[in-house]
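A.B. asks: Need a 3D model of the following:
(one chain, ligands or ions: 1)
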Amino acid sequence: MAAMRIVTVADDGTLARVAADLICAVVGAKPDAVLGLPTGATPVATYRELERRSAAGKTDVSRAMVYAIDEFAGVSPATPGTNHMFYRAHLRLPVRALHVPDAVAPEPEAHIADFAEAVRQAGGFDLCVLGIGTNGHIAFNEPGSARDSRARVVDLAETSRQAHAAAFGGIERVPRQGMTLGVADLLEARAIAVLATGAGKAEIVRRAIDGPMTAAVPASWLQAHGDCTWLLDAAAARTLRPR
Ligand code: PGA
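C.D. replies: As a prediction, the model looks like this:
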């Protein structure tokens, strides 16, 4: 049974607290929870809030396992702009383990398939948090990604490369390929939360939630999930149909 919850809050500060509440609730109920956590500008405030709560002893994440959901391919992980570097900068939580695909894996196709298998072997995601790209991507599942797509190497959309240009120090430095968990891998999570803020996301959020399920908008596949919560600020939610 598909079930989609839409939680709209006033602003991104509130969103960070509500998202942290959700993550803390999962870890509170299951201290050794397996979490998928995204990169991007959107979750940074959420991670800061989690860090504060952890430091204050309000949540114990020490047994939780975190897996990244994607990574660039073909660059050293230490390159500014990689997801590896993002987590180092923004996810400073004392979790049991943080696993990120190896950006310089010699066989990226096999590496990301093994990575997805490792998530399954760990018990699968209790909660997978996602962002949404302005083109509707989830993780690096760019438009055209089928509902049954699995972990794989993908060509990155130009919009995605542009979004990372500043972090890499110029568009020409942004890798052309990435490794990603597939749509089907993400849909296996027991619960999913999607974070989106700002007017720039309003149109794609509307298409993902209110439009048809289609590979043209990979985030629309989340409509098929049984426990998916969209956490939106007012600006990102403003074109949703009234409900
Ligand atoms: P953003 O990225 O949070 O930087 O907007 C979202 C995404 O591409 O998943």
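A.B. asks: For the chain, which residues score under the pLDDT cut-off?
C.D. replies: For the chain, applying pLDDT under 70 flags the ranges 1-2.
A.B. asks: Close to the ligand: what parts of it are there?
C.D. replies: By CB under 6 Å from any ligand atom, the residues of the chain that approach the ligand are 38, 40-42, 131-133. Where you see a C-beta, it was placed from the backbone N, CA and C, and this is true even at glycine.
A.B. asks: 8 Å - rerun?
C.D. replies: Contacts of the chain with the ligand, taken as CB under 8 Å from any ligand atom, map to 38-43, 130-134, 137-139, 160, 163, 195-198, 200-201.
A.B. asks: Please report how far Glu49 lies from Val154.
C.D. replies: From Glu49 over to Val154 the distance is 31 Å, taken as CB to CB, to the nearest Å.
A.B. asks: out of the two, which sits in the more crowded spot?
C.D. replies: Ranked by neighbour count (other CB atoms under 10 Å), Glu49 and Val154 place Val154 first, with 24 against 21.
A.B. asks: Can you tell me what sits against the helix or strand that one falls within?
C.D. replies: Using DSSP states H and E, Val154 sits in strand 152-155. Residues from elsewhere that reach strand 152-155 (CB atoms under 8 Å, 6 or more residues apart in numbering): 73, 108-109, 112-113, 140-142, 145, 176-180, 182.
A.B. asks: on that earlier part again, the residues of the chain next to the ligand, buried ones only, as a ChimeraX selection?
C.D. replies: A single ChimeraX command selects the buried members of these (16 or more other CB atoms under 10 Å):
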select :38,39,40,42,43,130,131,132,133,134,137,138,139,160,163,195,196,197,201
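A.B. asks: Now, the residues of the chain next to the ligand that are in strands?
C.D. replies: 130, 195-196 (DSSP state E).
A.B. asks: For the strand holding Val154, buried residues please.
C.D. replies: Buried, per 16+ other CB under 10 Å, within strand 152-155: 152-154.
A.B. asks: what does stretch 104-113 give?
C.D. replies: In stretch 104-113, counting by 16+ other CB under 10 Å, buried: 104-105, 108, 111-113.
A.B. asks: what do you get for stretch 5-23?
C.D. replies: Across stretch 5-23, burial judged by 16+ other CB under 10 Å covers 8-9, 12, 15-16, 18-23.
A.B. asks: Tell me who's in contact with Ala78.
C.D. replies: 84-85.
A.B. asks: Look at it and give its secondary structure.
C.D. replies: Recorded secondary structure, Ala78: coil (DSSP: H, G, I helix; E, B strand; the rest coil).
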